[in-house]
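> Kindly return the folded structure for what I paste below:
(4 chains)
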Amino acid sequence: MEQTIAPSEMLLHLGPQHAIQPGPYLLDLKLRGETVVDAELEMGYIHKGIEKILENKTYLQGITITDRICYLAALTNNEVFCNCVEKLVGIEPPQRSQYIRVIMEELSRIQSHLLGIGEFSTDLGFVTMFLYMIREREEVLSLIDMVTGSRITHSYLRFGGVREDLPEGFAEKAMSVLNDINKKLDEHEDLYNTDKIYLQRTVGVGVLTAKIASDLGVSGPPLRAAGVAFDIRKNEPYLVYNDLDFKVCTEKEGDIFARIKVRLDEIRESIYIIEQAFDQIPQGPLFPVGTPYGRRTPVMRVPAGEVFCRVEDPRGEMGMYMISDGSDKPYRVKIRGPVFPTMQALPPLIKGTYVADVAAIAASMDGCTSEADR
Amino acid sequence: MNANNIIKSLTEKFPNEILEPNVESNIRISSYVDKDAIVNVCKHLLETLEFDHLSCECGVDYPDRNEIEVVYHIASYSHPVVLTLKAKLDRDEPQIESIVSIYWNANWYERETYELYGVKYTNHPDLKPLLLPEDMLGEWPLRKDYEGFPNKTAKNLV
Amino acid sequence: MMSIVEFLFNPWVRGTLGLALIGLIFFSAVITVWLERKFGADIQSRIGPNRVGGRFGLLQLIADAIKLFTKEDLIPAKADKLLFVMAPIVILGSAFMMIVAIPFGAIVIGDKSYPIAATEFDISVLYLEAVSALSVLGIFMAAYGSNNKYSMLAAFRNIARMIGYEVPLGISIIGIAVMVQSLNIVEIAMAQSPLWFIFVQPIGFAVFFISILADMGRLPFDQNEAEEELVAGWGTEYTGMRWGLGLFAEYIHMILGSCLMVLLYLGGWNLPKFITGIFILGAFAPIFWFIAKVVVVVMTIIMIRWALPRFRIDQVVDLGWKVLFPLSILNLIWAVALGLFFGA
Amino acid sequence: MGEIIENVSFTATSAIHEFLKKTPLQDIINWGRKNSLWFLTQPMGCCGVEMIAAGCSHYDTDRFGIIPRVSPRQADVIVISGYVTKKYLPALKRLWDQMPSPKWVICMGDCSISGGPFYESYSTVQNIDEIFPIDVFIPGCPPRPEALIQGFIELQKKIMAREDKGSEY
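Have a look, this model is predicted:
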């Protein structure tokens, strides 16, 4: 961004502490009146050096660290890490574990989307909706809590399986909660679709077309809202997603309204996936039989090699590149988070909009600073 | 789009620049690339092979070989093949041409690699630190011989 | 009988009553803030304050006030000190100047009703509108004085919005003035004895309601203190007591705006004659009737706040000029036509 | 009044406050302060999400009069809810300076207490307690919202007992 300011222009620093932010980042805006002329994003305020830390932890310790890459998608982060190690070692989790992973990851997707929609609503001044969304999110969190024992950072996955089996009666409880959410979601969506002010604020605002989105490397709901049906679960199926029936939710417009619509649809789709998973889940062991892998695998040497794995995070494509040199610690881990490109796409997207729309657009992209900074 | 076809197309177009092509599985390919040819290879990938999504770009440090590798993971929105391109750079003075002109979102990845490994990207529009404060520039914390790592611990911890 | 009237018209008594009124208004603002927190909590399926002062958190606002008044008072180094210090006073002052002209009910003795107002003059509606717009000046002073960009943006928005809503507000009031043939608010209130003006001029009421919401700066028109964009709007740099004063001024503004709405469109304090004919009821019932209506209006405004998202500033100005302004003209034509039809 | 901060002028006199501290009136003031602890919304990591959740329907800190404020000028409590990095520390210090006293700090989560899982990182700052006068530490990674509420209640108890570090004003 040019630092020179014309007489009718003004430089506004949004951040590092500001209400629109899920975590600290600095958005430098150059304004002419209410219009954003130029924007620049500066980040790294919560850069923790996770990649370096992972190089110095054993593989089992690494699971705990991957929880904290993004606090809203701990399970998918676990998944991609375990996936890498499993591919390097050459094991595959048994069917039951895979189904449990699918169930838990979809639950995690639901809670993440609920928070995302809620935070977006509060940035439009729609505080009540935020509280409603969080209310429903708490129900999902208590389900996750029931299985993993924690609300946000679970460390639930293990190499070749999962830490605990599902508790008794989990399926019934989960389905009753999810059906409830499904019903409430219909109400909320009705509200979103009919509220005139909401429509004025969202329809046609912050349009990210498919061409631009793919140029900017965006993935996840912002890309799908632009009409590109790109979902790792379909394009490059992992776990048992091949056996499950679901559709990739897309919209055409690519504006804020479409992004929120995609998230709402995805919550429904996730509920549908969980329903199927509960029907199809087989009995059996949690860890591959005949291998030393189990709940506790303290010292584990991974054969030398390298692997790049991708899973579908609530926010898009989560990739991990792992190089092993045959020791008990990874030689290099590169985390490719979905938010990093999304955040990078924010400054070009908000150019030419109003200050009030900056908040709405930034929130509708559902950024997670922690993951972008790592 | 088939993994073998992609490799074939690449090696035919760049016989001298693409080294050690390797088909790991039907959706994963890896290859070394000559560091001077990276922009041309990327252009070819984008224009003829539908690799329109730069998934990731990072550096890897090999102090015993005195090399820094820059790794590009190039994927596509339409087919599931991911190509891992690696370029070897001299560790003492790592320098490579930027691919921002082809993949726009390489911008931040390159800034990140610059501040963590010290890889200089020529023709980069705005090469400055992204994640670290300005005064940490030059420490290259993700290199294997970075000294500040285990020592800078909390005083009351073991 | 006459002695009571004379007693009431004694300037000293009226002055004392006026002072009491200011205290009451402050108190009612406290109640409104409390109501907003409890009511908002209810809508959001929370509980709201319930630890301080019994189950209903009655003392919560007292605690907040004590805290605000004992907090450190910071004035930023680069602030314009005079403007910074004066701004909350101007904001509060504009609210208090409104009190002067607003009648808070009336005492009905026999056939005559004596409105409880500090003064009664012929152009009181015009005065009210003018004074209420003064708060914009205060907000601009606060923003300019505190030398903060967020505040400045808020003040610009505030002025842009005021230009948008002030015209339809004025024209919808003219619609009423044409019908009553007076700009005196007491006469307007009394003229609604059998029929409230909301039924005579529904369009005018809609325009007035939306404009007065914008005047108060309540959601969906609170662009000047949009927390998510502009931190705390004009009050970003204000601490403790000064900020508290500004906050109170906004709530007082809201109460007085509700009073105005009741007086202009919702029938004021008028009650049927068989109720006011009884001596004791005549003294108290109109006041309670008036206050009850005000409470209902305030509750509605609070509910609207928690039920709607916020407009963007250009949309507000659009709404003001493209929707409200033509509607208010339409209402004026309607009022004139009615007047000609019945008056002739 | 505490130390003189450059470029900031004060309008109240410290003598009044010195006198008030000796009288029972301070108890009433403290009662007001403890029942209206407004905290600064400044999520910094995993704990930040729990901080948001603590303000919402299930946990509802508003019951105790604890509400989030966006501007540091109107906040009483700053919750350090995550790892403090070298890049963020100057901004955090500035936020702290912008808050009017009396003000309190709560350390939420292991990261802010000792560094947590990131204690050996090249980018984080350790020993936050030497930089800020911290009243309450809430352990956990991340602590549940209930724990945050308990932390606030501990702070309330400290304020009532006049043992807190914030009421120097």
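> Got the phi and psi for B:E24?
phi -80, psi -40 (degrees, to the nearest 10).
> ok, it - how many residues close by?
B:E24 is flanked by 16 other residues according to other Cβ atoms under 10 Å in any protein chain shown. Where you see a C-beta, it was placed from the backbone N, CA and C, and this is true even at glycine.
> how far away is B:H124 from chain C?
Separation of B:H124 from chain C (Cβ to the nearest Cβ, to the nearest Å) stands at 31 Å.
> That residue touches B:S98, doesn't it?
Yes - contact status for B:H124 versus B:S98: in contact at 4.0 Å, counting by Cβ atoms under 8 Å.
> Now for these two: what residues contact both?
B:E110 (Cβ atoms under 8 Å, 6 or more residues apart in numbering or on different chains).
> Next, the closest residue to A:L41 other than its chain neighbours: secondary structure please.
Leaving out its chain neighbours, the residue that sits closest to A:L41 by Cβ to Cβ, 6 or more residues apart in numbering or on different chains is A:P347, at 5.2 Å. Here A:P347 is recorded as helix under DSSP: H, G, I helix; E, B strand; the rest coil.
> where's A:P347 relative to A:E51, distance?
Computed as Cβ to Cβ, to the nearest Å, the A:P347 to A:E51 distance reads 25 Å.
> distance of A:T35 from B:N66?
The value you get for A:T35 to B:N66, if Cβ to Cβ is used, is 52 Å.
> For the two, indicate the residue with more neighbours.
A:T35 (16 against 9).
> quick one, what contacts the more buried one?
A:T35 is in contact with A:G352, A:T353, A:Y354, counting by Cβ under 8 Å, 6+ apart.
> show me what contacts the first one?
A:G352 sits next to A:T35, A:V36, A:V37 when contact means Cβ under 8 Å, 6+ apart.
> Burial check on the residue in the stretch 151-300 of chain C positioned nearest to chain B, number of neighbours?
Using Cβ to the nearest Cβ, the single residue of the stretch 151-300 of chain C nearest to chain B is C:V231, 24.8 Å away. Number of residues near C:V231 (other Cβ under 10 Å) recorded here: 26.
> and what of the one 3 residues further on?
Look at C:W234: counted by other Cβ under 10 Å, it has 33 neighbours.
> Three-state assignment for it, please.
Secondary structure state of C:W234, per three-state DSSP, is helix.
> Name the nearest of the contacts of A:G352 relative to chain D.
Using Cβ to the nearest Cβ, A:V36 comes nearest to chain D of the contacts of A:G352, at 20.3 Å.
> that's a helix at the closest one, yeah?
No - A:V36 is assigned strand when assessed by three-state DSSP, not a helix.
> is it in a bridge, and if so with what?
Assessed by DSSP bridges, A:V36 has beta-bridge partners A:L31.
> Who are the contact partners of it?
For A:V36, the contact set (Cβ under 8 Å, 6+ apart) comprises A:L29, A:K30, A:I350, A:K351, A:G352, A:T353, A:Y354, A:V355, A:V358.
> Among the residues you listed, name the ones in helices.
Among those, DSSP state H puts A:I350, A:V355, A:V358 in helices.
> quick one: contacts for the second one?
For A:V355, the set of contacting residues under the criterion of Cβ under 8 Å, 6+ apart consists of A:L12, A:L29, A:L31, A:E34, A:V36, C:L153, C:E229, C:L230.
> Pull the number of nearby residues for the second one.
Spelled out, it's A:L29. There are 22 residues near A:L29, going by other Cβ under 10 Å.
> Hmm, A:A359 and it touching each other?
No - when contacts are counted by Cβ under 8 Å, A:L29 is not listed as touching A:A359 (11.2 Å).
> So for the helix ranked longest in chain A, mean pLDDT?
For chain A, the longest helix by residue count, based on DSSP H, is helix A:95-123. Averaged across helix A:95-123, pLDDT comes to 89.
> That helix near chain C at all?
Yes - under the criterion of Cβ under 8 Å from any Cβ of the partner chain, helix A:95-123 makes contact with chain C via A:S121, A:T122, A:D123.
> Alright, I will stop here.
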